[in-house]
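> here is a sequence with its predicted model. Questions after.
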Amino acid sequence: MKKFYSFLAISVLFISGIFAQVANLVVNVQGDPYSSGVYVHKGTYNKKNYWVGPKGANRYVISFSKNYARWTWSEWYGDTTQMWGMDRDQTTTSTEYPTSGWNYIKVSIEGPSIKFSQTEVIETTDDDGKINDIISISHNKMNGQGFAGTAGTDLVDSKAIIVERVPSGLTAQAFLASDSTIDFVFEGSATDNSTDTNILVKFTDAAFSGGGKADSTQNSTTTININFIKKVTVAKTGGDYTTVQEGLNKADDGDVVYIKEGVYTEVKMTLPTTVKNITLIGDGPDKTILQPDSQPYKATSRVLDIGSTLKATIDGITFQNGNDQRAGGIAGGQQININNCRILNNRAWLPQASQTVAGGVFCYHLIMTNCEVVGNIADNAGKNGQVYGGGVAMQDWSRTHRIENSTFAKNFSRIGGAAIGNFMGNLEVVNCTITDNEVVGNFDNAQYPNNGIGGGIWSQDSVWMYNSICWGNRGTLGQDVYVTNGVFFTSNSIVGRYNNFYKDSTKNIVGSYKIANPKLDTLAFNCSPTRTFALLEGSPAIDSADEQLSGSVWDQRGFAVVNIRDIGSHESNNLINLTIETDTACLDGGDKIYLSAYPNSGTFEGEGVEGNFFNPTKITKEGWVVITYKFSAPGCSDYKATDSVYVKVCTPNNVKDINLPVSIFPNPTQNELNIHASSNSNMNVIVADISGKTVLKSSDLAPRSNINVETLPNGLYFITVESNGKVAHLKFVKN
């Protein structure tokens, strides 16, 4: 019998070895990090192997099409019976591993390798020669290999990594975070930041453990481009130029055009055709406003014209009152990243029947965050043709569009997608509010009457929606969402009526409410730069989310999720708060302390504050240090939250370094505060208010005692407990 089991074990190992011989694939998708990564071998299909991409919002499969005798990269719906989706890429290579012949993806066989999170870094917009980007270098740890060394070691300083051609004034550093991660940074400021440059990063064998070798690891020699920018300032007075067009004309590739506060009325602001990458920054959408006319829908041109091959980043600007055949607001762009902007009252319009697309924004690949898209129109006098995307429209099937923390309201389209019209490419919608948008259809077409689809979203390809509200939109089919191809998947979202042309999406509705009354308040600025629906008392969406697949711990406004996530884009537990994770810090060489608060768009103030950190070494004497967090946003008044940390001397053998273990409760408290000290001796207690004034003082208390705080005003208090030479510094809240 033992021999039988031995034979069985050997057989299992042999069979496992056969399957293990089918390697995974590493796929890099052009311009799409969400779909890039390791594609895992899952089995055979059409007598050939197939591989499925990373689990996430958008998944793809590489498989063999028997009918067309070619390898395809296409959407993955969960099993081989559904490998019928639109091909994203293809190759006719006949090899066992399809690693060549692709157009938009790069495929290789998985092996020990390292990966750079980016191969370009950009100078800060202050044009100061500094580089703030952090490049993360990761090792896949295959075959037991990884990075060698001790955490915190600078591998450049130890010569395990050689860096060449670094500009004078900058120092390259590569800090080992773990055996699979390195943080690559630049310290200092380049003395000459007038010309872009490439540096060369070379790993030596000493950088690897587990028998790893530089020459057997992919990307062990990599070029990193340093993009030094020029900052062009446009201002009504005191800038380099007084008009936006003058500033755009003088910008070079990679430059920043800073448009200071003001309303700039100019016809069709256009970027030079030689510029391939540019950043436009304003003073905020309430302050920097670009328009071709002072009245909506009256202009003869759009607001901003971007070249079709250009990549643009736009931040803090309002684009309004544009009017053109395609995109009255912004048109063009291979990729546009739009953050903290407003797209208002723009129109795509023709006086005859023809294609009119995207009232607000049209581009190939769109990444949008923290924006308001309101009152935009896509229509024509003939009420006919392809008319879609009242708010925004995109068409790049090789990449995934992403819209996050944004609001779409009161946009209009004749045929499809009043808020969002997605002609090509998968679409991710995260923490968004989409409401009161309307698509009416073609009433003059007898063959296709009332064919208005997707009052909120119309998408040719798959839509993945997380933690959003898409409700109260109007249309003939799919009043809120209409997906023509692919799937509609939604998690923790409030969705009204939807239609998925090819597939039943019921099984893809995860932890979401559809059609039922979610009890929404009116659309408003709830302490946020973008409007949301607060949930009324008794809403079934409160604390009801089943799961959180997006990974976001914030709602649309930037408020933290408390306990169980609410379904939708607004978290009802909306306490504004500041938290310092520790009560004490060392002024003689203590580590910096990270400061956290929400919403996360405010500022920290106080002695020792450095950005989002508190540096105790900047404090000159022992004592309590108060940190203030200031937050202001539309829909709520200026808000201040405070917390504190006790800074003390921590040198060895100092009696003040000997801590007294103490617990206080309840905290917050209304009447009594219990004090329990791990001591056999009585204790002395001093309570001070936030100004440092002593408000209570008790001596010779038993190690387990309580003090009455009922008469103290509500607020933050500091408490010092001393017993037998040991000291504890704590804080509590009276409410």
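Received, thanks. Values in this document were obtained by computation on a predicted structure and should not be read as measured data. Residues are numbered from 1 along each chain as shown.
> how about the contacts made by Phe203?
Contacts for Phe203 (Cβ atoms under 8 Å, 6 or more residues apart in numbering) come out as Ile114, Ala160, Ile161, Ala214, Thr217, Ser220, Thr221. All C-beta spots, glycine's among them, are computed from the backbone N, C-alpha and C.
> go ahead and confirm the second one touches Ala148.
What that stands for is Ala160. Yes: when contacts are counted by Cβ atoms under 8 Å, Ala160 is listed as touching Ala148 (7.2 Å).
> what do the two both touch?
Shared contacts of Ala160 and Ala148, defined by Cβ under 8 Å, 6+ apart, are found at Ala206, Ala207.
> with neighbour numbers in mind, choose between these two.
The residue with more neighbours, out of Ala160 and Ala148, is Ala160; 22 against 18, by other Cβ atoms under 10 Å.
> any idea which helix or strand comes after the lowest-mean-pLDDT helix or strand in the chain?
One helix or strand of the chain scores below all others by mean pLDDT, DSSP states H and E: helix 2-20, with a mean of 38. For helix 2-20, the following helix or strand on the C-terminal side (DSSP states H and E) is strand 25-29.
> let's see that following strand as CSV, backbone CA atoms only.
The C-alpha coordinates for strand 25-29 follow below in CSV (Å, rounded to 0.1, in the frame of the first residue of the first chain):
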residue,chain,number,x,y,z
LEU,A,25,2.7,36.3,-19.4
VAL,A,26,3.7,39.8,-18.6
VAL,A,27,1.6,42.3,-20.5
ASN,A,28,2.2,46.0,-20.8
VAL,A,29,-0.7,47.9,-22.3
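> what's it packed up against?
strand 37-45, strand 60-65, strand 105-109 (3 or more Cβ pairs under 8 Å, 6 or more residues apart in numbering; DSSP states H and E).
> quick one: mean pLDDT for the shortest one?
Taken as a whole, strand 105-109 has an average pLDDT of 90.
> give me the contacts around it.
Here strand 105-109 makes contact (Cβ under 8 Å, 6+ apart) with 23-30, 62, 73, 88-89, 97-100, 218.
> give me the buried subset of the residues you listed.
Applying 16 or more other Cβ atoms under 10 Å to those, the neighbour count classes 23-29, 62, 73, 88-89, 97-99 as buried.
> tell me the one among those nearest to Ala560.
Nearest to Ala560 out of those is Val29 (Cβ to Cβ; 32.1 Å).
> so who does that closest one touch?
Neighbouring residues of Val29 by Cβ under 8 Å, 6+ apart: Ser35, Ser36, Tyr104, Ile105, Ser398, Arg399.
> need the contact list for Cys636.
The contact partners of Cys636, by Cβ under 8 Å, 6+ apart, come to Asn526, Cys527.
> below-threshold pLDDT in the stretch 301-450 of the chain: ranges please.
Where the stretch 301-450 of the chain drops to pLDDT under 70, the residues are 353-354, 384, 442-450.
> now the helices for it?
Ranges of helices within the stretch 301-450 of the chain: none, based on DSSP state H, counting those that start in this stretch.
> report the strands that pair with the longest strand seen in the chain, each with its relative direction.
Looking across the chain with DSSP state E, the single longest strand is strand 636-648. On the basis of DSSP bridges, the sheet neighbours of strand 636-648 come out as strand 584-586 (parallel), strand 623-633 (antiparallel).
> tell me which of those sits nearest to Arg704.
Closest among those, once you apply Cβ to Cβ, is strand 584-586, at 22.5 Å.
> nearest to Asp127 among the strands paired with strand 636-648 would be which one?
Closest of those to Asp127 is strand 623-633, at 28.0 Å (criterion: Cβ to Cβ).
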